[in-house]
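>>> Okay, structure incoming, though there's no sequence with it:
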């Protein structure tokens, strides 16, 4: 999926009556410098029957127009449908007042996946410093609490939210990355819990948790400069940027880092913020195209790549 006038990057999907809906971050190419896209962002929406040909539906969500906790950016999230048929968008927000340095998680709803209205002022989850690191200038560049992935708890009627975060008290900044966890019974009121994973990287971005062939997987993405010294020493390859994953036999853990090389990594970064999708013709992987071989930013959605699972439960991309 390529837009002539916009860069696109992080994305999330849901399916309704056989039709795939994709929501994605977008910014105008008129900015010229791609690094400005993060601060000039809105959420786009498109639909597809095959994950390859997309019908563009325009912008569906954007930062608050009035001073608010999310008046600077609305970043990556996820969409789920409640028992009553109402759709729920969970997203990342930052404020102008804090210069975008502190991330929080917001909530909006829709009856048709097209028009979204914030629940109250939108804010549904702020940081709990019992578990997660506050903004610490000089140690890390922001307060990480973003990229909510919301799903049903398979063991109860609750909802679970996995998110990108950091834990306090690490000497090496690249040991502080974490996958956070929160729980809700009603999709409105959330209680933060201990992270399901911490360490190995400075940040584990855009988590996606799903159950495939008897095992649980938590995809995440990270950059080569955010590998810890310990993980670099254990890895069979030099640091790369891209998508990898955690594994568990139960969603409650314990989680473990998948062994072997990164699922989808490279220098320059080929794809980022990957997602697994259970399509009609099998398991697929999608990411957004990040860099050309010369290191120039692309900002397009990749076509689906077939994924296989070996006898040890490890994931493999079957083409490139």
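Great, that's in hand. From a predicted model like this one, the values you see are computed outputs, not experimental measurements.
>>> does the residue nearest the centre of the chain count as helix, strand or coil?
The centroid of the chain falls nearest to residue 206 when counting by C-alpha atoms, centre = their mean (2.0 Å). Look at residue 206: counting by DSSP: H, G, I helix; E, B strand; the rest coil, its state is strand.
>>> is it true that it touches residue 222?
No: checked against C-beta atoms under 8 Å, the pair residue 206 and residue 222 is beyond contact range at 9.6 Å. Heads up, the C-betas are built off the backbone N, CA and C, glycines and all.
>>> wait, what's in contact with the residue nearest to the centre of the chain?
Contacts for residue 206 (C-beta atoms under 8 Å, 6 or more residues apart in numbering) come out as 10, 76, 147, 164, 219, 220, 221, 273.
>>> Averaged pLDDT, the strand or helix carrying residue 278. What do you get?
Assigned by DSSP states H and E, residue 278 belongs to strand 271-279. Mean pLDDT, strand 271-279: 97.
>>> ok, it: who's next to it in the sheet?
strand 282-291 (antiparallel) (DSSP bridges).
>>> quick one: the strand it pairs with to chain centroid distance?
Strand 282-291 sits 13 Å away from the centroid of its parent chain (C-alpha atoms, centre = their mean, to the nearest Å).
>>> Go ahead and name everything in contact with it.
8-11, 24, 51, 212, 221, 241-243, 263-264, 268-278, 297-309, 317.
>>> do the same with stretch 31-39
The contact list for stretch 31-39, computed with C-beta under 8 Å, 6+ apart, reads 7, 9, 25, 27, 40, 72, 73, 75, 100, 297, 299.
>>> Among those, name the ones in strands.
Here DSSP state E is the test, and the contacts of stretch 31-39 give 7, 9, 25, 27, 73, 75, 297, 299 as lying in strands.
>>> First-to-last residue distance for stretch 93-102?
Stretch 93-102 has an end-to-end distance of 8 Å (criterion: C-alpha to C-alpha, to the nearest Å).
>>> Now do the buried residues in it.
Residues 93, 94, 95, 96, 100, 102 are the ones in stretch 93-102 that count as buried (16 or more other C-beta atoms under 10 Å).
>>> Closest to residue 85 out of those residues?
For these, the minimum distance to residue 85 (C-beta to C-beta) is 25.5 Å, reached by residue 93.
>>> Right, I'll leave it there.
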